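In: This is a predicted model, with the sequence first.
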Amino acid sequence: MGQDSHKPVVDAVAVIVGIPEALSDSTGRFVLAGIPAGTLVLEIHAIGYEPSAWRIRFVADQRLEHVFQLTALPVQLTPLTIEGETVGKRFADFERRRGAGMGYFITKRDIERTNPTSLVDILATVRGVVQDCRGGICQARMARSQPGCEPQYFLDGQESTPFFARNVPPHDIQGIEIYRGASEIPAEFVGSNSGCGVIVIWTKSSP
């Protein structure tokens, strides 16, 4: 539920690595089954809320019920116009970095022109990015990186797991920044796995 509103959060994605993810229903409830015993990390992500994670200890054959509270992202600010495109205040930095000529930038207008069905469809159009399809799942990888070396994702300015980033609906994306090597990455996006490249995703939900 929302931490401030105390209302159910619909269509939130709940995931524990190695377990099929679950989607919350109209009451905000979700069920994860087949969880092994031990201390595991549960991650929950929903459009309009900050991604959150909880470390939980599970006991064999235990049925655990818990209320997880998500923090709503700040209310969107009045948009401003930069170079003919209407963007929120946070996109001033997006435009500043784009103007510096480092990395590759995709705008909402670019995305609407191609009408993609997934994030990978968008990234596949970028020079220096390839699709790495193994195990029935296609993922984006920098062409200069070795197979299995996934780029570091940022979602609305925060480090994100590849799972959450890959499942952001294309129509919710306002802009994408792709940095294909260490020489391109700005200081604010140096993360725990940035050696494999960095992909920064900005959504409509965040101000």
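Out: Ah, there it is. Numbering: from 1, shown residues only.
In: which helices and strands sit right next to the helix ranked longest in the chain?
Out: If you go by DSSP state H, the chain has its longest helix at helix 91-100. Packing partners of helix 91-100 (3 or more C-beta pairs under 8 Å, 6 or more residues apart in numbering; DSSP states H and E): strand 80-82, strand 104-107, strand 173-179. Where C-beta positions appear, they are placed from N, C-alpha and C, glycine not excepted.
In: repeat that with 6 Å
Out: Helices and strands touching helix 91-100, as assessed by 3 or more C-beta pairs under 6 Å, 6 or more residues apart in numbering; DSSP states H and E, are absent.
In: now that helix against strand 173-179, angle please.
Out: Between helix 91-100 and strand 173-179, the angle comes out at 40 degrees (axes from the mean of the first three to the mean of the last three C-alpha atoms, to 10 degrees).
In: what's the offset of helix 91-100 from the middle of its chain?
Out: 20 Å (C-alpha atoms, centre = their mean, to the nearest Å).
In: Quick one: low-confidence residue ranges for the protein.
Out: Across the chain, the ranges flagged by pLDDT under 70 are 1-3, 75-90, 135, 205-207.
In: OK, contacts around the residue nearest the centre of the chain?
Out: For the chain, the residue nearest the mean C-alpha position is residue 165 (2.7 Å; C-alpha atoms, centre = their mean). The contact partners of residue 165, by C-beta atoms under 6 Å, 6 or more residues apart in numbering, come to 153, 155, 201.
In: That one - that's part of a helix, no?
Out: Yes - the assignment for residue 165 is a helix, going by DSSP: H, G, I helix; E, B strand; the rest coil.
In: Leaving out chain neighbours, which residue sits closest to it?
Out: residue 153 (3.7 Å; C-beta to C-beta, 6 or more residues apart in numbering).
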